[in-house]
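S.K.: I'd like to go over a predicted model; first the sequence, then the structure.
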2 protein chains.
Amino acid sequence: MQLVILAHEQFPGRAKTALGVLRYGDHDVVAVLDRDNAGDRVSDHVTGVQDAPIVASMADAPDADALLVGIAPIGGGFEESWRDDVRTALERGDDVVSGLHYFLAEDDEFAALAAEHGCEIDDVRRPPEDLGVAEGVASQVDAEVVLTVGTDCSVGKMTVTEELARAAEARGVDAAVVPTGQTGIMIEGWGTCVDRVVSDFTAGAVEEMILEVGDDHDVLFVEGQGAITHPAYSAVTCGILHGAQPDSLVLCHEAGRDAVHGYEDYALQAPETYVDLYESLAAPVHDAEVVAGALNTVDVDDDGDARSAIADYETALDAPAGDLVRFDDDRERVLEAVL
Amino acid sequence: MQLVILAHEQFPGRAKTALGVLRYGDHDVVAVLDRDNAGDRVSDHVTGVQDAPIVASMADAPDADALLVGIAPIGGGFEESWRDDVRTALERGDDVVSGLHYFLAEDDEFAALAAEHGCEIDDVRRPPEDLGVAEGVASQVDAEVVLTVGTDCSVGKMTVTEELARAAEARGVDAAVVPTGQTGIMIEGWGTCVDRVVSDFTAGAVEEMILEVGDDHDVLFVEGQGAITHPAYSAVTCGILHGAQPDSLVLCHEAGRDAVHGYEDYALQAPETYVDLYESLAAPVHDAEVVAGALNTVDVDDDGDARSAIADYETALDAPAGDLVRFDDDRERVLEAVL
């Protein structure tokens, strides 16, 4: 499928979804929309992802199958300055994929255009209608289940999940990702945004996904969300932990982060506290062990400093750890610990 | 307000909401609808609650202000055999209060009748539209916050919450209940069904309630839900724990329960394991201590056996414990430990 990715004014630094799809998606990205960087190429701004031209609007983009909204304003609303691009895409007959809280399929103009031009609008945050409570059976699938957990939000759980799955596949392991958030869902082309389901169905939403693919693969890498100590988001984390019934956990952290992002009054705990909490909370439902750590060192300039931070993290966890994006050998060592 | 409570074929044993409203509600119950026991009185079946005649249908009920649906079938759907009663209530001009998953206000016939006769249909499980993520500020209210937590669902958290609040008020303490489930909401006349909100807003929904009343009282008794080790419902439990930011916890358990209700493959843990889990999970957000235990001995016939089970539970918790419904002295002792 040929994609155009909308990332106006936020590419690449604040375009997490756009970057995730460029880095991990199977689709051919034919253009990125960013009116601030029109005329550049993706490779002028970021490496290690597929390249594409950057253009100012959908009217300037080459033929494509779909327009994907690759950024989100605070609050997840729709930014009216994007309306022309979405309208143009639908008028061209392209599908639209969005992870906004505001559902584009419920926008009167977009719904009418989609009907007129035979396009689909896929609001990936919309939960399926038929979710229910967990039955407590996820561990019965054939696959080994690996869950990424974190010390906080936005420490790299989605990235680590994708890196581990790709590295496992490169070794010939039949691995799959179970995506639980919008970027993972856009990369993988399926999944449920677990943070949008009815709270009673949190574990059930994850369990349903595990059951859907768990007998078809040898290893599932489940994308975690939030943190078990997060003042706002721990419910989702807890539901994923008990719904997925993982065998192994990879504890993700960002080097230098010492307070909860956006909740700066809340200090982060020592890494070993998270190990204890995740393992002791998992155990009554299904035993899970923190077998490795993933340290995001994106804000550490010097490689030596990054290696040193990783060594400290490894010592605290008493398990292999590394930055899976920065260091290839780290990725392989962490994968060894997981498999 | 004068209430009629619908409890067909399930009164009293399987009519938890009806019994809760009869026991703790401030309203005058003028009749209970139960076609199986028409002609009896409530006091023929259960003691310690307000008495009322039992009649076969709404057509036989005396004048009232509202009909309250006091039972729920498995799954929370609407039982068509109740339609005549709801219709009659609306035709009489009575409001209807329901905690079903099926929203009566969205039933075409009921909506039309309510509009025609100027009645309100209050579906208490419908979450407010304006919920958001928690800000992590519940502990800033003036009130001391006490949360009931459990070893499982249906061990008596709502009952213990109401008993403690009433006992505290009887001592002259300015106490209030923060209800999080349908029965508590019906008793208290306000509140949010936390298990029905968007999962990301679980903690936020509780926090909003704490902020709403927390500066107007000296002690808040927050109704807990589920259990932190429940294979399906732990997300809601965790969100309440971190959203409410309680100072004290009362661990509720049912004597003789040794597996998760409805999930019999999952053994319950030793009481001290729950103490450790709740306290260690609460601590990174706000320190909370299990200061007392509540043991539901409803299925223990002999008072001596009940006392003995309570003594064992007290030893395991290393904190005062008791059956707050069965033994008045227990209620006072547990309250002492909480205040």
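M.R.: Perfect, I can see it now. Numbering: from 1, shown residues only, chains lettered A, B, ... in the order given.
S.K.: Let me see the contact set for A:A168.
M.R.: A:175, A:219, A:221, A:335, A:338-339 (CB atoms under 8 Å, 6 or more residues apart in numbering or on different chains). (C-beta placed from N, C-alpha, C; glycine too.)
S.K.: Make sure it is indeed in a strand.
M.R.: No: assessed with DSSP: H, G, I helix; E, B strand; the rest coil, A:A168 is helix; it does not lie in a strand.
S.K.: Report the separation between it and A:C153.
M.R.: 25 Å (CB to CB, to the nearest Å).
S.K.: And the residue sitting furthest away from the middle of chain A, which helix or strand is it part of?
M.R.: Here the centre of chain A is the reference, and by CA atoms, centre = their mean the most remote residue is A:E116, at 32.8 Å. For A:E116, the element it lies in under DSSP states H and E is helix A:108-117.
S.K.: Got the phi and psi for A:L68?
M.R.: phi -110, psi 130 (degrees, to the nearest 10).
S.K.: Please verify my assumption that it contacts A:V97.
M.R.: Yes: between A:L68 and A:V97 there is a contact at 4.5 Å, judged by CB atoms under 8 Å.
S.K.: Spell out which residues are contacts of both of those two.
M.R.: Counting by CB under 8 Å, 6+ apart, the residues touching both A:L68 and A:V97 are A:M186.
S.K.: coming back round to it: buried stuff in the helix holding A:E116?
M.R.: A:110, A:113-114 (16 or more other CB atoms under 10 Å in any protein chain shown).
S.K.: Need those in CSV (columns: pLDDT and distance to chain B).
M.R.: Formatted as CSV, the buried residues of helix A:108-117 follow (pLDDT from 0 to 100; distance: CB to the nearest CB, whole Å):
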residue, pLDDT, distance to chain B
A:F110, 98, 22
A:L113, 98, 27
A:A114, 98, 25
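S.K.: now these in TSV, with distance to A:V124?
M.R.: Below are the buried residues of helix A:108-117 laid out as TSV (distance: CB to CB, whole Å):
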residue	distance to A:V124
A:F110	15
A:L113	19
A:A114	16
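S.K.: wait, which of the residues you listed is closest to A:V275?
M.R.: Within the buried residues of helix A:108-117, proximity to A:V275 (CB to CB) peaks at A:F110, which comes in at 46.1 Å.
S.K.: tell me the contacts of the closest one?
M.R.: So A:F110 contacts A:86-87, A:90, A:96, A:104, A:121 (CB under 8 Å, 6+ apart).
S.K.: Close to chain B: what parts of the stretch 201-339 of chain A are there?
M.R.: The interface of the stretch 201-339 of chain A toward chain B, taken as CB under 8 Å from any CB of the partner chain, is made up of A:201-204, A:228-239, A:241-243, A:260, A:263, A:265-266, A:269, A:273, A:276-277, A:280-281, A:284-285.
S.K.: Now list the buried members of those.
M.R.: For these, buried by 16+ other CB under 10 Å: A:201-204, A:228-239, A:241-243, A:260, A:263, A:266, A:269, A:273, A:277, A:281, A:284-285.
S.K.: What separates the first and last residues of stretch A:60-69, distance-wise?
M.R.: Counting by CA to CA, to the nearest Å, you get 16 Å between the two ends of stretch A:60-69.
S.K.: I am finished for the moment; much appreciated.
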